[in-house]
Every structure is written in structure tokens, then in C-alpha cells.
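Trainee: Turn this into a model:
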Amino acid sequence: MQKFNRQDVLNALEKCGVKKGDTILVHAALFALGIPNEPIYDLNAYYLKILQEIVGESGTIVIPAFSYSYCKGETFDVLNSMSTVSALANYCIKNKIGYRTPDPNFSHLIITNKPLNQDFSNVSFDTKRSIYSYLVEHNATYVMLGPHIYVTLFMVEDQRINAEHRFMKAFNGQTKCQDRVFSSTQYYFCRYNCDNTKTNEPLLEKIIVSDIDSGFIMAQDLGKSRILAVNFKDLLDRYRQRLLKDPWELLLGPKMTREQFEEKIPDNYQCEIHRQYYRAIDLKTALEV
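Mentor: Okay, here's the model as predicted:
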């Protein structure tokens, strides 16, 4: 299919199992799909409206809004720091839509009509009181508007098993919300930056194709690309099982020990974690919720 319209997008999402009341984690490569065959003023507004329609008033949309602010030595402005990974998130930030988690590096937007009774850890990929636990507790579906599975939250599982190709690092900086500015520390399970630890993309794509063929991942062609959907917890559980068998399976390798990493890249280090918890911010009112 090349030409498509709003109804085609809705049909594809429905065939992937997305329905009213769902919580969906949305990653998007909108230009990979092509331009819909109907008048459009703003492509991001177009897709956001469709996503809101498919999950309905009782549903929730979660969108990555990573700014990497502390990683870059910048102040994280909850209301205004743009995402470097999602134009869809930036549309929401500019138009004050939804709630933003206060992670200075890996924030997410939560668009919901439900009470947001959740606080969030200052460990970017924590398993409890985190965006991960929020998605699991709400039985979220991962939705990719585009060709490839890409889930930064896979790092939850790397962190859970203390994968030796990563190390915990503290990032210090300032967070701003209107006139309020405060200092904080955010912890991120960094990758040792060398070729060995890069993802084996061809192998990962083969696994994704196999998971689509088996029906584990739902897929529907749309425009020049496709829509993918899979239960979020099931996806991460499957990744964890692979890690437990071989933590290096999806990396280029060859395998190195943490001691070898530290010798080769001596500036890295492990650090003690001091957890703190923060509420999400309503982008419209700038209030914690």
C-alpha cells in the first residue's frame, strides 16, 4: 500500500490489537510511513488525534520525550526542553498536552484522563516506581508507527541483571519548572562506549522478523512502511530471557569483562545510588500530579 488515509491508520491499529481503554507506548517514524492522501496541516497533530481516537477517553498514550539534558550538561526545563527523539513528543510539549515525567535525560509524556497516582525514581530505568512499572501495571502495548522495533526501555533488563557491558553513572544538574529551579542527581546505566557493545542490528532484525512470522509481534503494512504492536511486558520478558541465556547475544562483541572495560576505558566507574522520587508535571498547569 502506498496511498493511505486516516481510516487506513485506524484499521491498521485495530488489526494490531489496539482498542478503546488501552495504554500504549508509542514510538514513531512518521515520515517512513509516507504522507497520508488527504489534506494535513500538521502531521504530528494528525497522528495524535488518531491515537487518541483509537484508545478513547479511557485510554492512555505514553510517548518518549528524551532530552538528554543532564548528559549534555544542560538545565532540564520540564515545560520547554524539547525531545531529541520524537517530533510527536515535541508537538505535545509545544502545545502543553499531557504530563511529563521529571527525568532530565529520559522523560516520557503521559496523555491520560485518569488520575496519575505515580511517582518516578531518579534512576532512569528502575523497575519500581518508574515509567517501566507504570507501563507494566497498566498492561501497556508497545506501538511502533514505522518499520523497526526500538525500545530504549530494554535497558531495564540490562540493569536488572547488572549487565557487564554497562555501568551506573550519576549525572548532576538543575531542573527548572517555571520559576522553580532545583538541583538533582539522575542515574543512568551507561553503555561502555566501544564497538563491542553496539547492538547487532542485522541479528535483531532477523529476530523481529521471526517474532512477526510467529505472531508474537503484530504487524500491518501502511503506506511505505508498517505498524508494529506487542504487549510491552511480554516484549521485555522475552528480551530478559535472551539476556539470561547470553548477555552478549545481541551485541557485536567480542565479549569483554567489566575489568577489561575499565582498563580500556578508565574514565568510567560504578557509583552508589541514592534514590529520590518525583511527581510528573502537568504541562498545562505546571503543577505536580
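
Trainee: Share the number of residues neighbouring residue 210, please.
Mentor: By other C-beta atoms under 10 Å, 11 other residues sit near residue 210. The C-beta positions use only the backbone N, C-alpha and C, and glycine is treated the same way.

Trainee: That one: helix or strand, and which one exactly?
Mentor: Assigned by DSSP states H and E, residue 210 falls within helix 201-214.

Trainee: any idea how far residue 159 is from residue 210?
Mentor: Noted for residue 210: a distance of 26 Å to residue 159, by C-beta to C-beta, to the nearest Å.

Trainee: Could you do residue 257 as well?
Mentor: Taken as C-beta to C-beta, the span from residue 257 to residue 159 is 18 Å.

Trainee: After the helix holding residue 210, which helix or strand is next? Please name it.
Mentor: Next along from helix 201-214, by DSSP H and E: strand 218-222.

Trainee: How far away from the center of its chain is that following strand?
Mentor: Counting by C-alpha atoms, centre = their mean, to the nearest Å, strand 218-222 is centred 20 Å from the centre of its parent chain.

Trainee: What are the boundaries of the strands in the stretch 51-200 of the chain?
Mentor: 60-64, 76-77, 99-100, 108-112, 119-121, 141-145, 166-177, 180-191 (DSSP state E, counting those that start in this stretch).

Trainee: Need phi/psi at the residue nearest to residue 136 when sequence neighbours are not counted.
Mentor: In this structure, residue 136 finds its nearest non-sequential neighbour in residue 233, 5.0 Å apart by C-beta to C-beta, 6 or more residues apart in numbering. Residue 233 adopts backbone torsions of phi -60, psi -40, taken as degrees, to the nearest 10.

Trainee: How many residues are close by residue 233?
Mentor: Residues near residue 233, counting by other C-beta under 10 Å, number 16.

Trainee: please begin residue numbering at 10 from this point
Mentor: Sure, I'll start numbering at 10, so the last one becomes residue 242.

Trainee: Noted, bye for now.
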